[in-house]
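Asks: can't give you the sequence, but here's the structure:
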């Protein structure tokens, strides 16, 4: 829509304005509302994860897996020639919850191993194989639930097809990449948090030493 507006504006007289109406206008408003809802959902998700893990850093470990799900979602639409419709956007919201669930399972068990005294490397390597089974079980169950929608041929099936494609494509890529990328991101962010904590402790010790002198 923005492309059409920029293309038409130079060709219109200065005293004439152009705007969309009807179905196109409603579609633009819907996409704008979806963007606001998506932003609020991401903010609320971060707040819940921060409260659950009692950390401001590790929620990013889980949320950084969201872009990898969009790779499969958009890729599935492109491969099948489907449009990014309202049903596809609803599928994106569903996909966010499913992908975050995989990250929570992995990070939560990693944190538990860290509390038992294991190093970051040992905790990450120990959590991924253990949590692989529940992650694969829920992913396969969700894909199986979306299969009838993928294969449906009845009235209105073509409207619901983009939602099923988004969910299935996003789940496939996110499940594969979550088991690889989330442990790496966890290690990097934990290293960053430890370094920041050490620097703060060094500054506090230096200040106390100066005040004592």
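Replies: On my side now, so go ahead. In this text the structure is predicted, and so the values were computed from the model without any measurement.

Asks: Could you pull out the helices in the chain for me?
Replies: Using DSSP state H, the helices assigned to the chain run over residues 2-8, 23-53, 58-63, 66-80, 86-115, 120-151, 157-212.

Asks: winner for burial among those helices?
Replies: helix 58-63 (a mean of 22; mean count of other Cβ atoms under 10 Å). (Each C-beta comes from the backbone N, C-alpha and C, glycine too.)

Asks: can you list contacts of that one?
Replies: The set of residues external to helix 58-63 that reach it, using Cβ atoms under 8 Å, 6 or more residues apart in numbering, is 42, 45-46, 49-50, 53, 100, 103-104, 107, 111, 182, 185-186, 189-190.

Asks: so which of those comes closest to residue 154?
Replies: Set against residue 154, the nearest of the contacts of helix 58-63 by Cβ to Cβ is residue 100 (32.4 Å).

Asks: what residues are up against that closest one?
Replies: Residue 100 touches 45, 49, 62, 63, 65, 66, counting by Cβ under 8 Å, 6+ apart.

Asks: With distance to residue 170 and pLDDT as added columns, please give the residues you listed in TSV.
Replies: Listed next are the contacts of residue 100 as TSV, based on distance: Cβ to Cβ, whole Å; pLDDT from 0 to 100:
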residue	distance to residue 170	pLDDT
45	16	82
49	19	83
62	15	81
63	15	82
65	11	76
66	9	80
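
Asks: So, low pLDDT: which residues of this protein?
Replies: 1-25, 196-213 (pLDDT under 70).
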